[in-house]
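*Asks:* please work out how this folds:
(one chain, ligands or ions: 1)
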Amino acid sequence: MGRIIIRGGNRLKGTIRVGGSKNAALPILGASLLCPGVTVIGDVPRLRDVDVMISLLEYLGARVSRNGHTLHIDGSNVRPLDVSEELMRRMRASNLVLGPLLSRFGRVCISYPGGCDIGSRPMDQHLKAIRKLGADIVEQRGFIRSTSKGLVGRDIQFDVPSVGATENTMMAAVLAKGTTVIRNAAREPEISDLATFLNGMGAMVSGAGSSVIRITGVSEMSPVEHVVIPDRIEAGTHMIAAAVTGGDLSIINVVPEHVEAIIAKLQECGVDVTETENSVRVVAGGELLGGDVKTMPYPGFPTDMQPQFVALCALARGTSIITETIFENRFKHVPELRRMGADIRIEDRTAIVRGVPALSGTHVATSDLRAGAALVLAGLAAENTTVVESPEHIDRGYEDLEHKYRSVGADIHREL
Ligand code: UD1
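*Replies:* Numbering: from 1, shown residues only. From the prediction side, this is the model:
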């Protein structure tokens with residue numbers, strides 16, 4: 001597993017290309033199970049979570065080949081086998097096979113994902129939706145077993161705009177009889193990308209990106225070629241890397257609209273951000289100012305950027321109040337940042353961050369993906385050497401992060 005060693009203090013300068021979105025790729029890989037034939041998906045990031053999803057597709061009988069960032073997935077021999085606890089434990093997003101398998105085969109069985117490092121993450125909204133579409137569900141000994149003799153389109157009202165539940169419901173509804181309406185749907189760009197993919201396969205999905213999505217069932221789907229959208233969280237992480245190192249980064253392969261909430265916050269913090277059609281340039285150098293943030297579903301400030309923003313506020317003038325409204329246990333980076341000299345207090349779901357003039361490198365441990373990213377950012381800005389242990393968490397969501405940062409001037413490498 002190794003560790004990442006960072007000698008902080010270098011100003012990052014240059015250009016970084018953002019890869020395809022992990023959170024768009026995962027449901028799209030799940031949706032490739034919807035039909036026989038070969039689907040081609042481009043700009044799929046090479047990440048541990050994607051590898052887990054590929055293993056799951058292969059376990060279910062799909063034939064997957066990879067050429068660089070392009071995947072060919074042949075869904076001809078897929079069968080609805082039970083998905084073991086072992087596979088579900090490796091990645092919660094494995095639950096994204098629920099909708100497609102139920103839709104295509106009328107049968108699915110997955111292990112219950114249970115809790116994870118950042119919170120309890122229930123599946124009640126996923127199950128409520130597929131039950132409403134007419135599926136029977138039995139929850140037994142940690143497994144969710146669902147069967148249907150033909151799903152039927154219905155009106156579904158979510159209590160919370162869950163990304164995964166919206167995606168699973170869309171994938172379940174594409175082959176249902178009649179029209180499904182999802183209200184209070186999640187509006188994340190990854191939902192829109194999934195809709196584009198499904199429509200390419202012959203589905204009839206409209207309204208994705210808004211809080212009301214309509215899906216009119218079709219009788220069959222066919223393979224498609226698709227390129228995944230850029231990863232807005234990777235882009236946001238690089239934007240903060242520029243900010244905390246007083247750097248000047250051009251970040252390319254970005255849809256600026258997808259990162260507006262992050263751009264706005266950085267500007268409030270005194271950072272200069274300019275946009276082109278598919279890039280953002282972040283120039284920092286003056287004093288960073290603290291800012292308050294409340295995480296919200298899209299288009300609000302993403303919970304997946306909260307840890308990185310806490311790292312920035314740790315170095316910004318004044319006191320910042322960061323409130324996490326999506327996940328109840330997402331401040332695991334805070335004790336580690338404190339070890340680096342940050343002044344942060346947690347009160348319930350709020351972090352009160354009093355900026356300090358400098359952080360100081362030490363050994364820090366990574367507990368989850370974005371917490372790990374926050375520690376790397378802190379390390380890039382810190383004095384002395386930071387050693388980030390357990391970088392395998394970071395590999396779940398960032399492809400070759402050290403190489404990207406080295407190419408823009410960071411002193412960072414991995415020791416195996
Ligand atoms: C997705 C993202 C994850 C991101 C999260 C929120 C993927 C693969 N992962 O996760 O990176 O942090 O969105 O933007 O896309 N909830 C329920 N009942 C449910 C489902 C969810 O109460 O049945 C709650 C959760 O506890 C949480 C909120 O809804 O408080 C949002 O979760 P959800 O949008 O479902 O997150 P994921 O899809 O798991």
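
*Asks:* every contact and neighbour count from this point should use C-alpha atoms.
*Replies:* OK.

*Asks:* for the stretch 201-350 of the chain, which residue gets nearest to the ligand?
*Replies:* The ligand sits closest to residue 326 of the stretch 201-350 of the chain, with a gap of 4.3 Å, by C-alpha to the nearest ligand atom.

*Asks:* hey, which helix or strand in this structure has the poorest pLDDT?
*Replies:* Here the helix or strand of the chain ranked lowest by mean pLDDT, DSSP states H and E is helix 85-90, holding a mean of 82.

*Asks:* just to revisit the earlier point, look up how far residue 302 lies from the residue of the stretch 201-350 of the chain closest to the ligand.
*Replies:* Between residue 326 and residue 302 the computed distance is 9 Å (C-alpha to C-alpha, to the nearest Å).

*Asks:* count the residues that sit near the spatially closest residue to residue 44 that is not a sequence neighbour.
*Replies:* Excluding the flanking residues, the one nearest residue 44 by C-alpha to C-alpha, 6 or more residues apart in numbering is residue 69, at 5.0 Å. Residue 69 has 14 neighbours, counted by other C-alpha atoms under 10 Å.

*Asks:* if we can go back for a sec, SS state for the residue of the stretch 201-350 of the chain closest to the ligand?
*Replies:* Classification of residue 326 using DSSP: H, G, I helix; E, B strand; the rest coil returns coil.

*Asks:* what about it, how many residues close to it?
*Replies:* Other residues close to residue 326 by other C-alpha under 10 Å number 20.

*Asks:* that one against residue 300, yeah?
*Replies:* No. Residue 326 is not in contact with residue 300 according to C-alpha atoms under 8 Å; the separation is 11.3 Å.

*Asks:* ok, the residue nearest to residue 44 - contacts?
*Replies:* 42-46 (C-alpha atoms under 8 Å, 6 or more residues apart in numbering).

*Asks:* which parts of this structure belong to which domain?
*Replies:* The chain breaks down by automatic domain parsing into domains covering 3-18+230-415, 22-227.

*Asks:* from the chain's centre, how far out does the shortest one sit?
*Replies:* Between the centre of domain 3-18+230-415 and the centre of its chain there are 15 Å (C-alpha atoms, centre = their mean, to the nearest Å).

*Asks:* pull up the distance across it, start to finish.
*Replies:* End-to-end for domain 3-18+230-415, by C-alpha to C-alpha: 5 Å.

*Asks:* name the nearest of the contacts of residue 69 relative to residue 322.
*Replies:* The closest of the contacts of residue 69 to residue 322 turns out to be residue 45 (C-alpha to C-alpha; 29.8 Å).

*Asks:* doesn't residue 395 make contact with that closest one?
*Replies:* No. Applying C-alpha under 8 Å, one finds residue 45 not in contact with residue 395, separated by 10.7 Å.

*Asks:* and the two? which has more neighbours close in?
*Replies:* Neighbours were counted for residue 45 and for residue 395 using other C-alpha under 10 Å; residue 45 has more, 24 against 18.

*Asks:* now the more buried one, nearest residue through space, not along the chain?
*Replies:* Closest to residue 45 by C-alpha to C-alpha, 6+ apart is residue 20, at 5.4 Å.

*Asks:* show me the helices in this protein, by range?
*Replies:* Using DSSP state H, the helices found in the chain span residues 22-31, 48-59, 85-90, 98-105, 124-132, 163-173, 189-200, 232-244, 260-268, 306-313, 333-339, 369-381, 392-395, 401-406.

*Asks:* what is the neighbour count of residue 175?
*Replies:* Residues within reach of residue 175, counting by other C-alpha under 10 Å, total 27.

*Asks:* what sits against it?
*Replies:* 103-104, 151, 203, 217-221.

*Asks:* touching, the residue nearest to residue 45 and residue 228? I think so.
*Replies:* Yes. Counting by C-alpha under 8 Å, residue 20 does reach residue 228; the two are 5.6 Å apart.

*Asks:* which residues do those two both contact?
*Replies:* The contact sets of residue 20 and residue 228 overlap at 43-44 (C-alpha under 8 Å, 6+ apart).

*Asks:* how about the residues of the stretch 301-416 of the chain by the ligand?
*Replies:* By C-alpha under 6 Å from any ligand atom, the residues of the stretch 301-416 of the chain that approach the ligand are 303-304, 326-327.
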